[in-house]
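K.L.:
Sequence first, then the predicted structure:
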Amino acid sequence: MKTNLTTLFLILALVQFPSFSEGVGFYVEPYPGYRTADGSLYSYSECQASSSEYPVGTILSIGSDAGENIPVYVNDNSDPMPDRKLEVNTYTASLLGIDKTGWDDLEVSVVLGSSPNKPIATGWYSYEVATFQSIAEAYDAAVLLRNNGLKTSAAMSDSGTTLFLRYITAYQAKATEAKLSELGFPSFLKHDENNPYL
């Protein structure tokens, strides 16, 4: 990842991106083996960040205290803080020169943005099975699915009762889709799902 980010940053270095002053702090690994929101391990050797404002997948350029621009990949989420919207890992903090002070106002540019509405692929999926106009129809469908090994959840809205299958892993996806089609639900919608273990 480090090499890919550096290459991308070098390619984009000739392009001017708007920059602004942003409070940048750093955070440490919460526990050994901690996985970030995109599923990768917290790194001590790659430039990574967590943010309450920038979506996972965003690549930033952050100006260090020494005047260098450091490419940083946002791969985690953080809680909003009044003085900063961005926290980098300890490796990046040392490159930026904030590892001793804890945080500083630095120049930040968005090099490559990520859509806040597009979740990162985690290998987990949810399926929007169907929407039913009556609760009785939804109940019958839920019983049919449950009797065939598919546990549903439901959400009610003005358009009816929608049945969902949640937390389906990638290796279960094809079998789940085949079962839904076999049971008469070929028009399901598949969505990326957050990893429930993060």
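P.N.:
Received it, and whenever you're ready, just let me know what you need. Residues are numbered from 1 along each chain as shown.

K.L.:
could you pull out the strands for the chain?
P.N.:
Per DSSP state E, the chain has strands spanning 19-26, 48-51, 59-63, 69-77, 86-88, 103-112, 124-132, 153-157, 160-169, 189-192. These are given in chain order.

K.L.:
Would you map out the domains in this structure?
P.N.:
Following automatic domain parsing, one finds the domains of the chain at 2-112, 124-192.

K.L.:
Put together JSON lines for the ones you listed, with mean neighbour count and mean pLDDT on each row.
P.N.:
Backbone N, C-alpha and C define where each C-beta goes, glycine included. What follows is those, written out as JSON lines (neighbours: other CB atoms under 10 Å; pLDDT from 0 to 100):
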{"stretch": "domain 2-112", "mean neighbour count": "17", "mean pLDDT": "80"}
{"stretch": "domain 124-192", "mean neighbour count": "15", "mean pLDDT": "89"}
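
K.L.:
Would you agree Asp38 is in contact with Asp76?
P.N.:
Yes: using CB atoms under 8 Å, Asp38 is in contact with Asp76, at 7.3 Å.

K.L.:
Which one of the strands of the chain lies nearest to Leu180?
P.N.:
With CB to CB, the closest approach to Leu180 among these belongs to strand 124-132: 6.5 Å.

K.L.:
Need the residues that contact that closest one.
P.N.:
Where contact means CB atoms under 8 Å, 6 or more residues apart in numbering, the residues beyond strand 124-132 that reach it are 138, 141, 145, 152, 159-170, 173, 176-177, 180, 185, 187-196.

K.L.:
So what angle separates the directions of it and strand 153-157?
P.N.:
In terms of direction (axes from the mean of the first three to the mean of the last three CA atoms, to 10 degrees), strand 124-132 departs from strand 153-157 by 50 degrees.

K.L.:
ok and strand 124-132 relative to strand 160-169, angle-wise?
P.N.:
160 degrees.

K.L.:
For strand 124-132, what is the distance to the chain centroid?
P.N.:
Average the C-alpha atoms of strand 124-132, do the same for its chain, and the two points are 20 Å apart (CA atoms, centre = their mean, to the nearest Å).

K.L.:
Report the beta-bridge partner residues of Trp103.
P.N.:
With DSSP bridges as the criterion, Trp103 is bridged to Gly25.

K.L.:
Pretty sure it sits against Asp65.
P.N.:
No: if you go by CB under 8 Å, Trp103 and Asp65 don't touch, sitting 11.7 Å apart.

K.L.:
distance between the ends of stretch 43-58?
P.N.:
17 Å (CA to CA, to the nearest Å).

K.L.:
and that stretch, how far out from the chain's middle?
P.N.:
10 Å.

K.L.:
Please renumber the chain so that the first residue is 56 from this point on.
P.N.:
All set: I'll call the first residue 56, so the last point we hit is now stretch 98-113.

K.L.:
any idea how far the nearest residue to Val129 once chain neighbours are set aside is from Tyr97?
P.N.:
Leaving aside its sequence neighbours, Val129 sits nearest to Thr113 (CB to CB, 6 or more residues apart in numbering; 4.3 Å). Look at Thr113 and Tyr97: by CB to CB, to the nearest Å, they are 18 Å apart.
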